[in-house]
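Peer 1: Here is a sequence with its predicted model. Questions after.
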Amino acid sequence: MADPKIVEAVKKAIESAPKRNFVETVDLAVNLKDVDMSVPKNRISEEIILPKGRGKPVKVALICTEEMALKAKDAADLIIKSDELEDIAEDKRRAKKIAQKYDFFVAEAPLMPLVGKLLGRYLGPRGKMPRPVPPGADPRPLIENLRRSVRIRTKDRPVFHAPVGTVEMPPEDIAENIEAILNRAISKLERGKMNIHSVYVKTTMGPSIKVM
């Protein structure tokens, strides 16, 4: 069961947001303290499976050989075959568009060095380098997990943001997702909860509500 304080903050965030003609995302903002972001080991970069999912479609691209493409033709939103990589890399506009449009990337493990060489400059800065899948393996389970996942990253500033659901989800479910993210972040911080300065939740267009 989710923390009642978090549930209450989520309810307030949803109720205080003006009604829009689209389904708003609910976002989490976590501000850290006493963490030196100039030290690489202090930065957080995690993919977290949300227990209640994201409440909206998540786009996953698969980079693979012809054989794996046949296995996963209905599992991924985009399949990039190995022989297409060079053409995409040479078309900067297309490469940037793909990097922006898709939330997660999965690649057949032997292709990872080639993906890094050709698409690393587009995917790396966005924290979207692919998750590897062994040759011959079924990529579906990994893809399905990613559809329920979010990525949290701190760069040079002690703050990270993450989508935790939509306004159509029960506040209790969103609160469970928030707890999953906070627990993972706390486990990665040197002083745990003591390194968290504040936590806020808000809808896309709504006001920020303090969680802690």
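Peer 2: Looks like it came in fine. Numbers count the residues shown, from 1 in each chain.
Peer 1: For the helix or strand of the chain with the lowest mean pLDDT, name the packing helices and strands.
Peer 2: Least confident helix or strand of the chain, by mean pLDDT, DSSP states H and E, is helix 66-71 with a mean of 88. Packing partners of helix 66-71 (3 or more CB pairs under 8 Å, 6 or more residues apart in numbering; DSSP states H and E): strand 78-81. Glycine gets a C-beta too; all of them are placed from N, C-alpha and C.
Peer 1: List the strands paired with the strand it packs on, with their directions.
Peer 2: Sheet pairing of strand 78-81 (DSSP bridges) gives strand 60-64 (parallel).
Peer 1: what is the mean pLDDT for the strand it pairs with?
Peer 2: What strand 60-64 shows for mean pLDDT is 95.
Peer 1: C-alpha coordinates for it, PDB please?
Peer 2: Output in PDB follows, covering the C-alpha atoms of strand 60-64 (Å, rounded to 0.1, in the frame of the first residue of the first chain):
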ATOM      1  CA  VAL A  60      10.500   1.100 -28.200                       C
ATOM      2  CA  ALA A  61      12.900   0.600 -31.200                       C
ATOM      3  CA  LEU A  62      14.700  -2.600 -31.900                       C
ATOM      4  CA  ILE A  63      18.000  -2.800 -33.800                       C
ATOM      5  CA  CYS A  64      18.700  -6.300 -35.000                       C
END
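Peer 1: Give me the contacts around it.
Peer 2: Applying CB atoms under 8 Å, 6 or more residues apart in numbering, the external contacts of strand 60-64 come out as 68-69, 72, 75-82, 85, 98, 102-108, 111, 115, 130, 133, 139, 143, 146-147.
Peer 1: May I see the domains of this protein written out as residue ranges?
Peer 2: The record, using automatic domain parsing to delimit domains, assigns the chain the ranges 4-55+149-210, 60-146.
Peer 1: show me where pLDDT drops low in the chain?
Peer 2: In the predicted model of the chain, no residue satisfies pLDDT under 70.
Peer 1: could you pull out the helices for it?
Peer 2: Counting by DSSP state H, the chain has helices at residues 4-15, 66-71, 85-90, 92-101, 112-123, 140-146, 171-188.
Peer 1: Take those and lay them out in TSV including distance to N21 and mean neighbour count.
Peer 2: Converted to TSV, these look like this (distance: least, CB to CB, whole Å; neighbours: other CB atoms under 10 Å):
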stretch	distance to N21	mean neighbour count
helix 4-15	16	19
helix 66-71	38	15
helix 85-90	35	15
helix 92-101	23	14
helix 112-123	33	17
helix 140-146	29	16
helix 171-188	21	19
